[in-house]
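Asker: Have a look at this prediction, sequence included:
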Amino acid sequence: MIDLYTWTTPNGRKVQIMLEECGLPYNVHSINIGKNEQFAPDFLKFSPNNKIPAIVDHEGPNGKPISLFESGAILMYLAEKTGKLWPQDMPTKYLVMQWLMFQMGGFGPMLGQAHHFLKFAPEKIPYAMKRYGDEAKRLYGVIDKRLGEAEYLAGDYSIADIATFPWAQSYAMQGIDFADYPNVKRWFDAILARPAVQRGIAVGVKS
């Protein structure tokens, strides 16, 4: 059994979707980041960066428990544990990894900044709004071009798509119009139609 510590954020939904795609049993523990529960000492024991998601797999390598934080690392771990959604032939493995790293390093952090400055910042700062709004458009352009060449980011559906999809769910808050990115829209709709994705999105958390 896996203990999942999560909240209703794109990074939390990544792991929720992955657990559903892999068919692994798990218990959900809500970490209400609006109430600063991510700073609780018990949570910091296995997530020292005070971020969700985190997992504790009580049947980890060699049958011993393992705890992990950082959503990308968790996705790779679950893929290796189950042999799903991350092919192990060398060229394909690293094709998946490069798109996963693209999400972790750009299509996530930069879109988070776009969320903040376009929608939530108490002071509207034109420079920041333009900087991160333009970067959001650039990043969507990168994946739109890629998805014009392949059905999914690494060819077949993989952990790279699972990592990227939850951030694209908030496209409107990032100043994005899917009409400008038809390949992204096609990819987004295909992923959203997957039953495991729908179950992952619907994972309940208690406020």
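Answerer: All right, it came through fine.
Asker: Tell me the spacing between Cys22 and Ile143.
Answerer: 24 Å (Cβ to Cβ, to the nearest Å). Using the backbone N, CA and C atoms, a C-beta is placed for each residue, glycine as well.
Asker: same check, this time on Phe107
Answerer: 7 Å.
Asker: Mutual contacts of these two, please.
Answerer: Thr164 (Cβ atoms under 8 Å, 6 or more residues apart in numbering).
Asker: Mind listing what's buried along the helix or strand containing Gly141?
Answerer: Remark: Gly141 resides in helix 126-147, with elements defined by DSSP states H and E. Burial within helix 126-147, assessed by neighbour count using 16 or more other Cβ atoms under 10 Å, is assigned to 128-129, 132-133, 135-137, 139-140, 143-144, 146-147.
Asker: Farthest-apart pair in the residues you listed, please.
Answerer: Ala128 and Leu147 (28.4 Å; Cβ to Cβ).
Asker: model confidence over stretch 88-98, on average?
Answerer: When pLDDT is averaged over stretch 88-98, the result is 95.
Asker: Let me fix that, I meant to ask about stretch 190-203.
Answerer: 96.
Asker: which residues of the chain fall in helices?
Answerer: 10-22, 41-44, 71-82, 90-105, 109-115, 126-147, 159-168, 182-192, 195-201 (DSSP state H).
Asker: before we move on, the earlier item: could I get the helix holding Gly141 in PDB with only the CA atoms?
Answerer: C-alpha atoms of helix 126-147 as PDB (Å, rounded to 0.1, in the frame of the first residue of the first chain):
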ATOM      1  CA  PRO A 126       3.000  45.000 -16.300                       C
ATOM      2  CA  TYR A 127       6.600  43.800 -16.800                       C
ATOM      3  CA  ALA A 128       6.000  40.600 -14.900                       C
ATOM      4  CA  MET A 129       2.700  40.000 -16.600                       C
ATOM      5  CA  LYS A 130       4.200  40.400 -20.000                       C
ATOM      6  CA  ARG A 131       7.400  38.400 -19.200                       C
ATOM      7  CA  TYR A 132       5.500  35.300 -17.900                       C
ATOM      8  CA  GLY A 133       2.600  35.600 -20.200                       C
ATOM      9  CA  ASP A 134       4.900  35.600 -23.200                       C
ATOM     10  CA  GLU A 135       6.900  32.700 -21.800                       C
ATOM     11  CA  ALA A 136       3.700  30.700 -21.400                       C
ATOM     12  CA  LYS A 137       2.900  31.300 -25.000                       C
ATOM     13  CA  ARG A 138       6.400  30.300 -26.000                       C
ATOM     14  CA  LEU A 139       6.200  27.000 -24.000                       C
ATOM     15  CA  TYR A 140       2.800  26.100 -25.500                       C
ATOM     16  CA  GLY A 141       4.300  26.800 -28.900                       C
ATOM     17  CA  VAL A 142       7.100  24.300 -28.200                       C
ATOM     18  CA  ILE A 143       4.700  21.500 -27.300                       C
ATOM     19  CA  ASP A 144       2.300  22.400 -30.100                       C
ATOM     20  CA  LYS A 145       5.100  22.000 -32.600                       C
ATOM     21  CA  ARG A 146       6.100  18.600 -31.100                       C
ATOM     22  CA  LEU A 147       2.500  17.400 -31.000                       C
END
